[in-house]
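*Asks:* Here is my input, please return the structure:
(2 chains)
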Amino acid sequence: MRNETVLRMRCVAAMSVLIVLSGCGDSIREPEAVGGPAVMRRLTESQYRDTIASIFGADVAIPARFERGLRAEGLIAVGTSEAGMSPFSIEQYDAAALGVAAAIVSEKGRDKFVPCKPHTDMAFDAACAKRFVEVYGLRLFRRPLTSEESQRFVSMAQAGQQRLGDFYAGLEVTLAGMMVSAEFLLRIERTKPETDPSELRELDAWSKATRLSFFLTNAAPDAELLRAAGAGELDSKKGLRRHVDRLIGSPLFKPAVRAFFADMLQFDKFGDLAKDSVVYPAFSSTVAADAQEQTLRTITDLLIEQQGDYRDLFTTRQANLTRALGIVYRVPVPTRNGWEKSEFSVNRHRVGIQAHVAFLSLYSHPGRSSATLRGKAIREVFLCQEVPDPPPNVDFSAVQETANSKMPTARDRLEVHRTQPACAGCHKIMDPLGLTLENYDGLGTYRTVENETVIDASGSLDGIDFKTPEGLGQALHDHPETPRCLVERMYRYAVGRDTEMEERSYMDYLTHSFATHGFRVPELMRTIALSENFFAISAQGEKSEHEQVALRTGEGL
Amino acid sequence: MSKITRRTVLRGIIRGVAVGVALPYLDCFLNTNGQALAATGQRIPTRFGTWIWGCGFIPEKWIPAATGSNYSLPDDLKLLEPYRSKLAILSGFDVKLDGVPNKPHITGCLGLRTGIPVPNEVVKAPTLDVLIGDVVGKGTRFQSIEVSTAGIDRSYSYRAAGSPNPSEVSPQALYRRIFVDGFQDPNATEFKPDTRTMARKSVLSAVQEDRKRLMRDVGAEDRHRLDEYFSSLRQLERQLALQLEPPAPVENFTMPKAPGDRALDSEIDHVMVTHRLMAGLLAKALQCNQTRIFNVLFSDTASNLRRAGTTTTHHTLTHEEPVDPKLGYQKEHAWFATRSMVAWREFLDEIASIKEGDATLLDHSLILAHSDCSIAKAHAVEGIPIMLAGNANGRIRTGFHLDGKADPITRVGLTVQQAMGLQTDRWGALSMDTNRTITELLV
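*Replies:* Reported below is the predicted structural model:
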């Protein structure tokens, strides 16, 4: 009897494994594409810089101060389709354009970048100017110039030469003009002209190449991709696969993965990060820069070089350190200049990127740690869960000064938050996570006591209890929302907008495929890039409804 | 000097001819109502600016006991004594929430500035500095200048949601932007238009030829953003156009010194120095007509100010510091509130130090100073402290304390717009919608 039951249970288990497996096989196919609205995105600062570097080389200086990007749905990449363009931004783009253009036509630059020599210095060489504007027009605008555009830029160059008495000076002002054009600074997406706007449409070849390229290389399409777009190669499955594989295999793929994670981890906030120099004398701008670099290096090592499991980012003990960071981590770093790769020993208590100085110092106050900020960031950044703002009319003064001996540790001070009903709702979901990280001070240095009292670092994440920061890392690794959140972020990053309701089953497909492929991020990016949904633009009827909502909520008043 | 331009002609006419004769006024003259004339014969324009400090006040140290002009300055305002006649103290004006969730330190600030409370940074209307700038700020090199002095890259000047006008955080960068790149000394004896600037200007105007075609390529939502891009491009073109005209001479103008390298963070002693430096640069920029509109963020609305060696910021203190039983308020928070008023006084010192005609730059300005809340601990948006400074070229009456008696705070914004010459007769939404000018303020 007993044996039978056990057996039957085994059988059921085996069958369910089978079902799951066969389920994988079936649902691995992409659901029918539904797409979303076409968006108009501003280049992000890093896309701007990487694009200039890919066209003109990395050593061309860009003399501009970019404003901070607007963040929406947790990503600046999504904010770029909502952000405006203030006079300040244009001034800065203009300064950048003038700096780059001057370098390109300088005595040193022109041999390399101007594809022809003007026939004489006296008369305007229209043919050479035309070549110049068409070569760079294609790269900057990510499509060939129309003949009208080409003509207009050639006339600009001619007028410039007449005014300034020099062919190259004419090219210089023209190139600067191209670089402040809407077609360069804004990514305007266009669909295939022959398609019916009331039905599901497909991006045209140039917009496809642009989406692909910014997603997989963080820069505008290279010459080869533009050639392929012109030849219609991106419209066939085979051709698309060849180019996606080429881009993923290119040296630019790593910067693209870095750009995504820097955005997701909100590293732009380092621009405002201040630490009190008396409380944290080890903090410096070098530490701030190295801390970001450390986390990004760990990410690309694990995800690209080792083709590792995304979830291992929360349990990895890999250490990439510099001397400056060694001081904060209290780990000796023998290398005097530059980076050293090693592993944190178990007694260092550094497990996962959430226990890195970058994360810990960014989500802290200037003079102390913050269990609440850290807990909130873990929910929002890694699990895509929104934590509401605190109620406005709550008296916080029970959370007293840190030196208060009656409440020596953050756990004591936050107890009040978790017992007052108005606060408890949210603090219960933030504090148990953040309190586990109280073993790290506001800069990220490991500690076991606060105000002479031993820190109790126990906590829990959605029903999983743990006693140490290592336990939190494991819980994040195992949390079912961890990979799903990454998938959602990655897709939103790729298309520059929030996911549409209709895209639910597509998201399920991506999440499922991510799991099937061992949670490998490059494979996820490949799946997105090869999917039909990635290039699909929903019917215009839906879009105008979307607009109406935006008008009601945004511009209506 | 032999070259005769429209400006030199105009200058000559103003000098020699009685007022009232029809003149080919430049655009920038049309929107100002001031009577003041500088020694150079230029009519002096009216400038508008805002000055924000975070985390409100200690009421007993800030609200004068009496209203009207016969009041004594309370503790935190004592140091403003020299400016008593040029200040209007406005207490008791409320942001009316109409059920909108109060996002701490944001809803009050943006409600006051846009007339519509929002539960986040997604503003539903432009901030009033932008509205005013669109009318009086077009003829200058910069439509507006924003600065943030506590090391934080934030701004509460918005054209639309997603379109803030970003702040300069570094005095060096501010100096470079205004007084180095493309700056023309107004009192230079020689003027020669730069051919490169001419070439750049015509390129910029050619780039704008795409406008119509592009507008057709994007959805309605994006058309606003594209339109904003083109307006900003036009502003840049105007900037170049101005460089091609000889600058109008400015009396008493001397170049400011280039600021040195210094710590840019939220430590209060650093902030006070940064703020003073930036205030000085801004005053000079206003003096030589680089802009007519400015926004200063002294400390962020959730005040990020802090004292060296302490674990808490001003904002954290407002929530965590116990009330001192003897004083009846939070002592450390009060210290920062007092320092904020010291900074405000220093700001006025810098503006008033610029002589224009027989008065000062302050007399020709209207500065709206405000916080984001009244009682920071509770994030109260009722009775947000406001001060108006300067007389807007004789358009604004000052020298008194007015109690708003819980009137909507939009009355202040409406009055300010009217004083700046805008044809606005109502402003704000729902309970904040008002057509009631504060007549006590208008001359």
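*Asks:* would you say B:Leu90 is within a helix?
*Replies:* No - under DSSP: H, G, I helix; E, B strand; the rest coil, B:Leu90 falls outside any helix and is assigned strand.
*Asks:* What's the local residue count around it?
*Replies:* 27 (other C-beta atoms under 10 Å in any protein chain shown). Every residue, glycine included, has its C-beta placed from N, CA and C.
*Asks:* what does the one 10 residues further on give?
*Replies:* B:Val100 sits with 16 neighbouring residues when counted by other C-beta under 10 Å.
*Asks:* for A:Lys130, same thing?
*Replies:* Using other C-beta under 10 Å, A:Lys130 has 18 neighbouring residues.
*Asks:* Now do the contacts for residue 94.
*Replies:* Let's take chain A. A:Ala176, A:Val180, B:Leu236 (C-beta atoms under 8 Å, 6 or more residues apart in numbering or on different chains).
*Asks:* think we crossed wires, I meant chain B
*Replies:* Contacts of B:Asp94 (C-beta under 8 Å, 6+ apart): B:Val381, B:Glu382, B:Gly383, B:Ile384, B:Gly404, B:Ala406, B:Asp407, B:Pro408, B:Ile409.
*Asks:* what secondary structure does residue 422 sit in?
*Replies:* The chain I'm using is chain A. Under three-state DSSP, A:Ala422 comes out as helix.
*Asks:* pretty sure it is touching A:Pro388, no?
*Replies:* No - between A:Ala422 and A:Pro388 there is no contact under C-beta atoms under 8 Å: 11.6 Å.
*Asks:* Looking at these two, which has the bigger crowd around it?
*Replies:* Neighbours per residue (other C-beta under 10 Å) separate A:Ala422 from A:Pro388, with A:Ala422 holding more: 13 against 8.
*Asks:* roughly how far apart are the more buried one and B:Cys55?
*Replies:* 21 Å (C-beta to C-beta, to the nearest Å).
*Asks:* same check, this time on B:Arg339
*Replies:* Shown here: B:Arg339 relative to B:Cys55, a distance of 11 Å by C-beta to C-beta.
*Asks:* What's the nearest residue in the stretch 151-300 of chain B when you look at chain A?
*Replies:* B:Ser163 (2.8 Å; C-beta to the nearest C-beta).
*Asks:* Look at the closest residue to that residue other than its chain neighbours and give its secondary structure.
*Replies:* Nearest residue to B:Ser163, sequence neighbours excluded (C-beta to C-beta, 6 or more residues apart in numbering or on different chains): A:Gly84, at 2.8 Å. At A:Gly84 the chain is in coil, as set by three-state DSSP.
*Asks:* A:Glu202 too?
*Replies:* strand.
*Asks:* tell me the contacts of residue 340?
*Replies:* Unless you meant another one, I'm taking chain A. A:Asn320, A:Leu321, A:Thr322, A:Val333, A:Pro334.
*Asks:* To clarify, I was referring to chain B.
*Replies:* Contacts for B:Ser340 (C-beta under 8 Å, 6+ apart) come out as B:Trp53, B:Gly54, B:Phe298, B:Ser299, B:Ser303.
*Asks:* Out of the helices and strands in chain B, which is least certain?
*Replies:* Least confident helix or strand of chain B, by mean pLDDT, DSSP states H and E, is helix B:27-30 with a mean of 34.
*Asks:* how close does the residue nearest the centre of chain B sit to chain A?
*Replies:* Taking C-alpha atoms, centre = their mean as the criterion, B:Gly49 is the residue nearest the geometric centre of chain B, at 2.0 Å. With distances taken as C-beta to the nearest C-beta, to the nearest Å, B:Gly49 is found 16 Å from chain A.
*Asks:* So what does that residue look like in phi/psi?
*Replies:* phi -150, psi 160 (degrees, to the nearest 10).
*Asks:* Provide the partner residues of the nearest residue to it once chain neighbours are set aside in its beta bridges.
*Replies:* Excluding the flanking residues, the one nearest B:Gly49 by C-beta to C-beta, 6+ apart is B:Phe294, at 4.0 Å. According to DSSP bridges, the residues that bridge with B:Phe294 are B:Gly49, B:Ile145.
*Asks:* pretty sure B:Phe294 contacts B:Arg47?
*Replies:* Yes - taking contacts as C-beta under 8 Å, B:Phe294 lies within contact range of B:Arg47: 7.5 Å.
*Asks:* and these two? which has more neighbours close in?
*Replies:* B:Arg47 (31 against 28).
*Asks:* Let's see if you can find the most crowded of the contacts of A:Asp94.
*Replies:* So for those (other C-beta under 10 Å), the most neighbours sit at A:Ala176, 28 neighbours.
*Asks:* follow-up on the earlier one: thought the residue nearest to B:Ser163 was touching B:Ala160?
*Replies:* Yes - counting by C-beta under 8 Å, A:Gly84 sits close enough to B:Ala160 to count as a contact (5.9 Å).
*Asks:* what's the overlap in contacts for those two?
*Replies:* Between them, A:Gly84 and B:Ala160 share the contacting residues B:His224, B:Glu228, judged by C-beta under 8 Å, 6+ apart.
*Asks:* what's near enough to touch B:Arg113?
*Replies:* By C-beta under 8 Å, 6+ apart, B:Arg113 lies in contact with B:Thr50, B:Thr127, B:Leu128, B:Asp129, B:Tyr156, B:Tyr158, B:Gly413.
*Asks:* now with 10 Å?
*Replies:* B:50, B:52, B:95, B:123, B:125-131, B:156-158, B:295, B:368, B:370, B:372, B:409, B:413 (C-beta atoms under 10 Å, 6 or more residues apart in numbering or on different chains).
*Asks:* picking that back up, please identify every residue contacting each of B:Arg339 and B:Cys55.
*Replies:* With C-beta under 10 Å, 6+ apart as the test, B:Arg339 and B:Cys55 both reach B:Ser299, B:Leu305, B:His314.
*Asks:* So what's the residue count around the last one?
*Replies:* Yep, that's B:His314 we're talking about. Quick note: B:His314 (other C-beta under 10 Å) scores 29 neighbours.
*Asks:* Tell me which residues touch it, please.
*Replies:* B:53-55, B:150, B:266, B:268, B:299-300, B:302-307, B:321, B:332-333, B:335-337, B:339-340, B:376 are the contacts of B:His314 under C-beta under 10 Å, 6+ apart.
*Asks:* go with 8 Å
*Replies:* Counting by C-beta under 8 Å, 6+ apart, B:His314 has contacts B:Gly54, B:Cys55, B:Ser299, B:Ser303, B:Asn304, B:Leu305, B:Arg306, B:His333, B:Phe336.
*Asks:* Mind checking which of those residues land in helices?
*Replies:* Using DSSP state H, the subset of the contacts of B:His314 located in helices is B:His333, B:Phe336.
*Asks:* how about the contacts of B:His314 in TSV, adding pLDDT and distance to chain A?
*Replies:* TSV is the format used below for these (pLDDT from 0 to 100; distance: C-beta to the nearest C-beta, whole Å):
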residue	pLDDT	distance to chain A
B:Gly54	98	14
B:Cys55	97	13
B:Ser299	98	13
B:Ser303	95	12
B:Asn304	93	7
B:Leu305	96	10
B:Arg306	95	6
B:His333	97	10
B:Phe336	98	14
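*Asks:* want to try CSV for the contacts of B:His314, with distance to B:Ala188 and neighbour count as columns?
*Replies:* Formatted as CSV, these follow (distance: C-beta to C-beta, whole Å; neighbours: other C-beta atoms under 10 Å in any protein chain shown):
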residue, distance to B:Ala188, neighbour count
B:Gly54, 41, 27
B:Cys55, 45, 30
B:Ser299, 38, 30
B:Ser303, 42, 28
B:Asn304, 41, 25
B:Leu305, 41, 27
B:Arg306, 44, 28
B:His333, 49, 26
B:Phe336, 44, 24
